[in-house]
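J.: need a 3D model of the following:
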Amino acid sequence: MAKSRWDFSARGLGRVAAITLLGTMLCIAVPVVVDLLIMKPEPLPWHEELWTDVLIPIVLAVPLLLVLSLKMRALAIAHAQLQVVASTDSLTRVLNRGAFTMLVDAYLGHVREQGRREETEGALLIVDADHFKTINDRFGHDRGDEALRVIARSIQGLVRGADLVGRVGGEEFGVFLPGSSSRQAEAVAERIRKTINEAEFDADGERTPLSVSVGGAIFRGDVSYADLFHVADQQLYRAKQAGRNRVVVARMPGKLAA
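T.: This is a model prediction of the structure:
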């Protein structure tokens with residue numbers, strides 16, 4: 001869920017307002033406290049006290065604090081945008097290989113550190129476009145790029161918010177399904193295959209069918225990303241060898257998935 005522009009995060013306008021307000025109050029409080037603590041031979045008239053202790057701090061502090069906090073917000077937004085760019089595949093707008101691998105590794109590492117190995121399950125799917133070279137050779141790389149975008153959008157439309165989708169190769173996509181049982185993972189894989197097979201993809205005014213092969217590794221307990229990818233890639237190879245446009249999944253050896 002997207003955050004409100006008025007939240008108190010580093011990118012929220014709520015923080016800008018809070019910094020400006022609290023900073024101004026502090027600037028007012030300082031001269032007031034000084035006046036109360038330092039004995040004056042003759043107190044100033046009330047309107048002069050108001051001007052020196054309240055109005056001057058407001059006039060000086062509000063613009064300065066507002067500009068400073070807005071600059072800090074702009075830097076936070078720019079930093080967040082750079083992080084998105086650095087972790088996103090520019091063509092398909094899903095995670096790039098490095099970000100996908102890092103996030104899956106981080107999830108598995110967190111599970112390991114929390115001591116929840118026995119109760120943790122999930123799956124890694126590798127989705128590979130069938131006969132992709134034929135599309136590039138026949139219609140050109142621009143249409144091949146569009147085919148990849150269609151595949152990426154189809155996958156993203158079928159996963160949950162907690163799932164991860166990344167481009168892990170030229171025409172290969174990884175889908176990580178934390179918390180999914182064997183049955184759920186197989187169902188997602190089959191929906192991905194079927195949805196892409198039915199997707200509308202026009203190349204030079206000609207409807208061109210797309211298909212993918214899906215290999216999956218289902219796990220329960222302690223596992224590494226490298227082992228997951230290895231098993232999923234093996235199943236992808238089997239799907240290709242069996243004729244493509246199909247799903248082949250396997251449970252990781254050792255602790256079996258439910």
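
J.: ok now stretch 106-115, how far from the chain's centre?
T.: Offset of stretch 106-115 from its chain centre (C-alpha atoms, centre = their mean, to the nearest Å): 19 Å.

J.: for stretch 232-252, same thing?
T.: The answer for stretch 232-252 is 28 Å, by C-alpha atoms, centre = their mean.

J.: got it, and stretch 168-185?
T.: When distances are taken as C-alpha atoms, centre = their mean, stretch 168-185 is centred 16 Å away from the chain's centroid.

J.: any buried residues in that stretch, and which?
T.: Residues of stretch 168-185 classed as buried: 168, 171-178, 180-182, 184-185 (neighbour count, 16 or more other C-beta atoms under 10 Å). C-beta: built from backbone N, CA, C; applies to glycine.

J.: all helices in this structure, in order from the N-terminus.
T.: Ranges of helices in the chain, per DSSP state H, are 13-37, 46-50, 56-87, 97-114, 132-139, 141-156, 182-197, 225-241.

J.: between those helices, which gets nearest to Arg251?
T.: Counting by C-beta to C-beta, Arg251 lies closest to helix 182-197 out of the helices of the chain; the figure is 6.6 Å.

J.: tell me what angle that closest one forms with helix 141-156.
T.: Angle of helix 182-197 versus helix 141-156, following axes from the mean of the first three to the mean of the last three C-alpha atoms, to 10 degrees, is 150 degrees.

J.: show me the shaky parts of the stretch 151-258 of the chain.
T.: By pLDDT under 70, the weakly predicted segments of the stretch 151-258 of the chain are 254-258.

J.: weakest of the helices of the chain by average pLDDT?
T.: Across the helices of the chain, helix 46-50 has the smallest mean pLDDT, namely a mean of 57.

J.: rewinding a little: for the buried residues of stretch 168-185, which one is nearest Leu158?
T.: Proximity of the buried residues of stretch 168-185 to Leu158 (C-beta to C-beta) peaks at Val175, which lies at 8.8 Å.

J.: need the contact list for the closest one.
T.: Each residue near Val175 by C-beta atoms under 8 Å, 6 or more residues apart in numbering is listed here: 124-127, 155, 159, 163-165, 188, 192.

J.: and these, which is closest to Glu198?
T.: Relative to Glu198, the closest of the contacts of Val175 is Ile192; by C-beta to C-beta it sits at 11.3 Å.

J.: does the closest one really touch Leu158, like I thought?
T.: Yes. Using C-beta atoms under 8 Å, Ile192 makes contact with Leu158 at a distance of 5.7 Å.
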